[in-house]
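Undergrad: need a structure here:
(one chain, ligands or ions: 1)
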Amino acid sequence: MKIADTILDLIGDTPLVRLHKVTEGVAATVLVKLEYLNPGGSSKDRIATRIIDAAERDGLLLPGGTIVEPTSGNTGVGLALVAQQRGYRCVFVLPDKVGEDKRNVLTAYGAEIVVTPTSVAPDHPDSYYSVSDRLAREIPGAFKPNQYANPNGPLSHYETTGPEIWRDTDGTVTHFVAGVGTGGTITGTGRYLREVSGDTVRIIGADPEGSVYSGGTGRPYLVEGVGEDFWPAAYDPAVVHEVIAVSDADSFAMTRRLALEEGILVGGSSGMAVVAALRAAEKLTAADTVVVLLPDGGRGYLGKIFNDGWMRSYGFTNAPAGHTVGNLLE
Ligand code: PMP
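TA: Model (predicted):
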């Protein structure tokens, strides 16, 4: 029999699949790792499990406790899943640029949400960092995972994502590409792949144009879950060989192509990571294998990246579109 005891036992062990159409003209093999197949729909299920395990072990989270975290949505889902299974309350703080679908998914799992303005500085009292700090102080028994600094975030990727990629490619991976948000994914996975390969795997970050990782000042961008206006402790720049900056327009155009041409419905940070991977792959040969991590699925972005009106309203007119062929109900 093949039966998981709880939903939490299905986290990780996500598959790799080869890209065919968007990679035309590229000599290297380009594989994507589908993190949307985690039960909560993103790579963040991995960090949630390890962060909560460690907090229980260290006595930071006691029975009846409350988890308080600023999150773009995916970390919230992971934490909500684990919290629900173990009887904790969750309060999540989100910037208002996060789509309604992503918000509703958190409340569906039983979490409470607080929405804050995107357009204020991190040290402003209404920023999502400040509001979550205040709630963590005020709510009795609160535990703030702080995914931006918690070492268990990168560690979860060091212990699971990295070994899975090495195992599933039989050690043939030569390049690893991931978007950088907290930096946990690239730091943990990258560190493992460098160590296990005798430091031959090259680690490439993908970043929205304007974010600090690629030399920006934090200028706003629309792609969600990646880029920062400060340097989080979860990110170790020493692990990363190169960071490639990608525009919103290119990220969203590729996100649509992945759905239309490869049958892979993912979020904007996945399109961004694939654009960076293809740029890196321009210089590579058939001997190279590039693994790109795709953090989440596209269902949370149907009203944005996959909506022609929304795309046009931001001037993204270069993106390929699907077709509506008449409406019989009209
Ligand atoms: N893409 C999405 C959609 C995310 O939610 C996140 C996490 N913030 C990332 C990419 C980046 O992952 P990390 O925080 O590990 O750098």
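Undergrad: contact residues of this structure facing the ligand?
TA: 72, 74, 179-185, 224-226, 267, 269, 295-296 (C-beta under 6 Å from any ligand atom). To be clear about C-beta, it is placed using only N, CA and C from the backbone, and glycine gets the same treatment.
Undergrad: just the ones of those residues in helices?
TA: Members of those lying in helices (criterion: DSSP state H): 74, 184-185, 269.
Undergrad: okay, how far is it across stretch 260-277, tip to tip?
TA: Stretch 260-277 has an end-to-end distance of 19 Å (C-alpha to C-alpha, to the nearest Å).
Undergrad: an error on my part: the question was meant for stretch 116-131.
TA: Stretch 116-131: ends 8 Å apart by C-alpha to C-alpha.
Undergrad: now it, how far from the centre of its chain.
TA: Offset of stretch 116-131 from its chain centre (C-alpha atoms, centre = their mean, to the nearest Å): 21 Å.
Undergrad: cool, and stretch 266-286?
TA: With C-alpha atoms, centre = their mean as the basis, stretch 266-286 stands 15 Å off its chain's centre.
Undergrad: and for stretch 225-245?
TA: Its chain's C-alpha centre and that of stretch 225-245 lie 13 Å apart, by C-alpha atoms, centre = their mean.
Undergrad: same for the lowest-mean-pLDDT helix or strand in the chain, what does it pack against?
TA: Least confident element among the helices and strands of the chain, by mean pLDDT, DSSP states H and E: helix 100-108 (a mean of 87). Applying 3 or more C-beta pairs under 8 Å, 6 or more residues apart in numbering; DSSP states H and E, one finds that helix 100-108 contacts helix 74-86, strand 89-95, strand 112-116.
Undergrad: buried ones in it?
TA: Neighbour-count burial for helix 100-108, counted by 16 or more other C-beta atoms under 10 Å, picks out 102-103, 105-106.
Undergrad: JSON lines please, covering those and showing distance to Ala286.
TA: As requested, those are exported to JSON lines (distance: C-beta to C-beta, whole Å):
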{"residue": "Lys102", "distance to Ala286": "39"}
{"residue": "Arg103", "distance to Ala286": "45"}
{"residue": "Val105", "distance to Ala286": "41"}
{"residue": "Leu106", "distance to Ala286": "44"}
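Undergrad: and which of those residues is nearest Leu62?
TA: Nearest to Leu62 out of those is Leu106 (C-beta to C-beta; 23.0 Å).
Undergrad: can you tell me which residues contact that closest one?
TA: Contacts for Leu106 (C-beta atoms under 8 Å, 6 or more residues apart in numbering) come out as 73, 76-77, 80, 90, 92, 94, 113.
Undergrad: and if we set it to 10 Å?
TA: Residues near Leu106 by C-beta atoms under 10 Å, 6 or more residues apart in numbering: 71, 73-74, 76-77, 79-80, 90, 92, 94, 98, 112-113.
Undergrad: widest-spaced pair of those?
TA: The span of these, defined through C-beta to C-beta, is set by Asn74 and Glu112 at 17.1 Å.
Undergrad: more neighbours, these two?
TA: Counted by other C-beta atoms under 10 Å, Asn74 and Glu112 do not tie: Asn74 has more neighbours, with 32 against 14.
Undergrad: for the ligand, what's its nearest residue on this protein.
TA: At 2.5 Å from the ligand, Gly225 is the closest residue in the chain, using C-beta to the nearest ligand atom.
Undergrad: would you mark the buried spots in stretch 43-60?
TA: 43-52, 54-56.
Undergrad: repeat that for stretch 113-133.
TA: Buried positions in stretch 113-133, judged by neighbour count with 16+ other C-beta under 10 Å: 113, 116, 127-133.
Undergrad: show me what that stretch is in contact with.
TA: Under C-beta under 10 Å, 6+ apart, the answer for stretch 113-133 is 68-73, 76, 90-98, 102-104, 106-107, 134-135, 142, 144, 146, 148, 218, 220, 228-230.
Undergrad: what about it, start to end distance?
TA: With C-alpha to C-alpha as the measure, stretch 113-133 spans 14 Å from end to end.
Undergrad: what's the average pLDDT for that stretch?
TA: Averaged across stretch 113-133, pLDDT comes to 90.
Undergrad: one step back: can you pick the most crowded of the ones in helices among the residues of the chain next to the ligand?
TA: Neighbour count (other C-beta under 10 Å) singles out Gly184 as the most crowded of those, with 34 neighbours.
Undergrad: that one contacts Pro145, correct?
TA: No: using C-beta atoms under 10 Å, Gly184 is not in contact with Pro145, being 11.3 Å away.
Undergrad: ok, the residue of the chain closest to the ligand touching Lys44?
TA: Yes: between Gly225 and Lys44 there is a contact under C-beta under 10 Å: 8.9 Å.
Undergrad: shared neighbours of these two, anything?
TA: In contact with both Gly225 and Lys44: 71-75, 181-182, 295-296, using C-beta under 10 Å, 6+ apart.
Undergrad: most neighbours of all these, which one?
TA: Result: Asn74 is most packed of the shared contacts of Gly225 and Lys44 (other C-beta under 10 Å), 32 neighbours.
Undergrad: contacts only, for that one.
TA: Asn74 neighbours (C-beta under 10 Å, 6+ apart): 35-36, 38, 40-45, 47-48, 98, 102, 105-106, 181, 224-225, 267, 269, 295-297, 300.
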